[in-house]
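Undergrad: test case, fold it:
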Amino acid sequence: MNESQAGNGVGRTAAAIAYAREQQDAFLEEFKALLAMPSVSTLPEHKEDVRATATWLAARLNELRFEQVALHETAGHPVVYGEWLHAPDKPTVLVYGHYDVQPVDPIDEWDSDPFTGTIAGDYIIARGASDMKGQLLAHLQALRSLAQAGDYPVNLKILFEGEEEIGSPNLPAFIEAHRDMLACDFVLNCDGGIHGPGEPAITYSLRGLAYFELELRSAAKDMHSGLFGGSVANPIHVLSELIAGMHDAEGRVTLPGFYDKVRDLDAEERELLAQAPYSDTEWLRISGAKKLHGEAGYNTIERIGARPALDVNGIWGGFTGAGSKTVLPAKATAKLSARLVADQQEGDVKGQLAAYLNAHCPDAVTWKLTEHVHGPGAIMNRKSPYMDAARRALSAAFGKEPFFKREGGSVPIVGMMQRQLGVDSIMLGFELADDGIHGPNERQHLPNYFKGIETYIHFLMDLERVAASSAVGK
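TA: Predicted coordinates:
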């Protein structure tokens with residue numbers, strides 16, 4: 001069906017949605033095929049599986065009439081790219097997704113094979129079902145549906161990376177080397193979530209991340225705790241005291257300068273966040289925690305999206321095996337992560353931690369701080385015409401207005417795109433908080449998945465009416 005046959009924009013949208021609904025069974029089988037590929041980016045034994053997944057996606061782009069389709073090599077896994085630039089005077093959208101997934105360990109906690117898409121009620125269970133093969137494929141299936149009703153309504157560039165789950169180490173260099181190729185009006189980032197089944201939402205802010213390993217050492221080797229206990233500092237004790245001092249009684253982080261650049265919430269934004277269909281009771285249920293906790297003066301939804309946090313992700317030292325061993329350890333180690341809000345610079349945190357350690361670490365031990373990874377946070381213009389188009393698309397697909405939210409997690413690519421390409425991202429995905437991403441029995445809610453396909457159709461068709469903010473990519 002060509003454009004004239006499909007009629008005006010409303011007719012084309014209806015035709016594309018009708019096709020998507022007719023193809024739900026076929027789309028589900030395609031979803032299972034993608035989930036069957038063990039594209040675990042962190043494990044060397046899956047290197048060829050990652051490449052095979054990239055090749056599979058490139059083939060889908062060729063089927064969708066994209067041009068310049070290629071696997072761009074990096075120092076790690078390849079980037080999949082393709083473009084369709086035949087919509088004069090329309091916006092150019094850079095669509096971002098990642099095709100790699102987390103390892104499946106612990107395998108014995110899965111109820112089904114992690115690389116077989118198993119249907120259980122309204123869910124499909126598999127590694128990557130929610131994070132983020134589901135969102136990525138939903139967009140491609142929306143494009144397939146639109147292609148039945150004529151040309152695409154806007155200019156499209158596709159970037160699928162294979163290293164998001166290991167921190168996107170090679171993506172900044174790729175973006176820098178291909179700035180002209182990736183030039184766009186905004187990024188459509190499919191790696192996002194909504195509040196609950198049938199509860200649409202738009203994320204307009206993400207926290208950044210800075211991740212560290214801290215090692216304390218008191219001696220050259222472990223010692224007998226009977227002979228030396230009480231006469232030599234125990235680094236586990238010292239580490240515990242240091243960690244305990246990193247927060248005050250009000251739940252605030254005590255690192256020097258930690259809050260200096262934090263952008264506080266104004267009354268308008270606090271009122272906006274308060275509109276979320278959120279309850280502490282539900283958050284307790286999802287988390288499995290006994291009680292909620294956090295910085296005084298802020299409610300839970302503000303704490304997880306608009307305030308920074310510092311957490312201990314692991315701690316060890318000495319003897320941890322079965323039975324007893326009377327040892328006084330020579331060293332103790334902890335892993336620490338800081339979640340950072342807009343305007344905080346991830347590169348500042350190492351200096352803040354060092355200043356805290358210099359002030360509080362006793363000279364009975366030495367310390368070594370190693371930074372493993374960091375990525376920027378981001379806040380987007382929630383009043384842009386592209387954000388408004390996303391709002392209308394979600395409303396049309398879900399039958400209710402979405403609410404705007406800040407996300408506590410990190411999606412480093414959003415900050416990268418702001419810094420390197422100078423553009424905002426629209427976070428338009430359908431992950432749920434209880435999808436179990438990164439854990440056993442990861443799942444995708446299928447009714448949301450199919451609504452997601454329709455959301456992308458509405459969104460791209462709506463953009464046809466939005467004047468491009470620049471002539472980039474035309």
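Undergrad: just for the stretch 351-474 of the chain, where's the confidence low?
TA: Counting by pLDDT under 70, the stretch 351-474 of the chain shows low-confidence ranges at 467-474.
Undergrad: actually the chain, not the one I typed
TA: 1-8, 467-474.
Undergrad: show me how it divides into domains.
TA: Using automatic domain parsing, the domain parsing of the chain gives 3-206+377-463, 210-262+308-375.
Undergrad: which one of the ones you listed lies nearest to G294?
TA: Closest approach to G294 among the domains of the chain (C-beta to C-beta): domain 210-262+308-375, 5.3 Å. For every residue, glycine as well, the C-beta is placed using N, CA and C.
Undergrad: a helix runs through T455, doesn't it?
TA: Yes: assignment of T455 by DSSP: H, G, I helix; E, B strand; the rest coil places it within a helix.
Undergrad: how about it, what does it touch?
TA: 142, 200, 393-394, 396-398, 428, 430 (C-beta atoms under 8 Å, 6 or more residues apart in numbering).
Undergrad: can you redo those as a markdown table with distance to P256, neighbour count and secondary structure?
TA: Listed next are the contacts of T455 as a markdown table, based on distance: C-beta to C-beta, whole Å; neighbours: other C-beta atoms under 10 Å; DSSP: H, G, I helix; E, B strand; the rest coil:
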| residue | distance to P256 | neighbour count | secondary structure |
| --- | --- | --- | --- |
| A142 | 48 | 24 | helix |
| P200 | 41 | 25 | coil |
| A393 | 45 | 26 | helix |
| L394 | 42 | 26 | helix |
| A396 | 49 | 17 | helix |
| A397 | 47 | 23 | helix |
| F398 | 45 | 21 | helix |
| L428 | 39 | 28 | coil |
| F430 | 41 | 30 | coil |
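Undergrad: returning to that earlier point: what's the most buried one of the domains of the chain?
TA: Across those, averaging neighbours per residue (mean count of other C-beta atoms under 10 Å) puts domain 3-206+377-463 on top, at a mean of 20.
Undergrad: if we can go back for a sec, now the two most distant members of the contacts of T455.
TA: A142 and P200 (15.8 Å).
Undergrad: identify the residues contacting the nearest residue to V40 once chain neighbours are set aside.
TA: Computed as C-beta to C-beta, 6 or more residues apart in numbering, the closest residue to V40 that is not its neighbour in sequence is H46, at 4.2 Å. Residues counted as contacts of H46 (C-beta under 8 Å, 6+ apart) are 38-40.
Undergrad: in strands only, show me those residues.
TA: Secondary structure defined by DSSP state E assigns none of the contacts of H46 to strands.
Undergrad: those in helices, which ones?
TA: Counting by DSSP state H, none of the members of these fall within helices.
Undergrad: dump the residues you listed to a markdown table, plus distance to G257.
TA: Shown next, in a markdown table, are the contacts of H46 (distance: C-beta to C-beta, whole Å):
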| residue | distance to G257 |
| --- | --- |
| P38 | 44 |
| S39 | 40 |
| V40 | 38 |
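Undergrad: now, which of those residues sits nearest G321?
TA: Closest approach between the contacts of H46 and G321, by C-beta to C-beta: V40, at 29.0 Å.
Undergrad: A59 versus that closest one, what's the distance?
TA: Separation of V40 from A59 (C-beta to C-beta, to the nearest Å) stands at 21 Å.
Undergrad: cool, F319 as well?
TA: Distance, F319 to A59, by C-beta to C-beta: 53 Å.
Undergrad: and L272, by the same measure?
TA: Taking C-beta to C-beta, one finds L272 at 42 Å from A59.
Undergrad: got it, and Q24?
TA: Looking at Q24 against A59, where the rule is C-beta to C-beta, the gap reads 22 Å.
Undergrad: can you tell me the helix or strand for the closest residue to G257 other than its chain neighbours?
TA: Spatial nearest neighbour of G257, excluding adjacent residues (C-beta to C-beta, 6+ apart): Q352 at 5.4 Å. Element membership of Q352 [criterion: DSSP states H and E] is helix 349-360.
Undergrad: distance from that helix to the middle of the chain?
TA: Centroid separation between helix 349-360 and its chain, computed with C-alpha atoms, centre = their mean, to the nearest Å, is 28 Å.
Undergrad: ditto for stretch 156-168
TA: For stretch 156-168, the distance to the chain centre is 11 Å (C-alpha atoms, centre = their mean).
Undergrad: quick one: end-to-end distance for it.
TA: Stretch 156-168 has its terminal residues 22 Å apart, counting by C-alpha to C-alpha, to the nearest Å.
Undergrad: over to stretch 317-334?
TA: End residues of stretch 317-334 are separated by 9 Å (C-alpha to C-alpha).
Undergrad: which residues in the stretch 251-400 of the chain form helices?
TA: Ranges of helices within the stretch 251-400 of the chain are 267-273, 280-287, 300-305, 349-360, 385-398, based on DSSP state H, counting those that start in this stretch.
Undergrad: as TSV, those with distance to L206 would be great.
TA: Putting those into TSV (distance: least, C-beta to C-beta, whole Å) gives the following:
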stretch	distance to L206
helix 267-273	14
helix 280-287	19
helix 300-305	8
helix 349-360	16
helix 385-398	14
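Undergrad: would you mind writing the CA trace of the helix or strand L28 falls within as CSV?
TA: For L28, the host element (DSSP H and E) is helix 24-35. Extracted in CSV, the C-alpha atoms of helix 24-35 (Å, rounded to 0.1, in the frame of the first residue of the first chain):
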residue,chain,number,x,y,z
GLN,A,24,0.8,-10.2,16.7
ASP,A,25,1.4,-14.0,16.5
ALA,A,26,4.1,-13.5,13.9
PHE,A,27,5.7,-10.7,15.9
LEU,A,28,5.7,-12.9,19.0
GLU,A,29,7.6,-15.7,17.1
GLU,A,30,10.1,-13.1,15.9
PHE,A,31,10.5,-12.0,19.5
LYS,A,32,11.3,-15.6,20.5
ALA,A,33,13.9,-15.8,17.7
LEU,A,34,15.7,-12.8,19.0
LEU,A,35,15.6,-14.0,22.6
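Undergrad: for G294, phi and psi?
TA: Main-chain dihedrals, G294, degrees, to the nearest 10: phi 160, psi -170.
Undergrad: the helix or strand where S205 lies - contacts with which helices or strands?
TA: Here S205 sits within strand 201-206, counting by DSSP H and E. Strand 201-206 sits against strand 378-379, helix 385-398, strand 403-407, strand 425-427, with contacts defined as 3 or more C-beta pairs under 8 Å, 6 or more residues apart in numbering; DSSP states H and E.
Undergrad: take the ones you listed and lay them out in JSON lines including distance to M246.
TA: Output for the helices and strands packed on strand 201-206, formatted as JSON lines (distance: least, C-beta to C-beta, whole Å):
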{"stretch": "strand 378-379", "distance to M246": "25"}
{"stretch": "helix 385-398", "distance to M246": "36"}
{"stretch": "strand 403-407", "distance to M246": "23"}
{"stretch": "strand 425-427", "distance to M246": "30"}
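Undergrad: all set, thanks.
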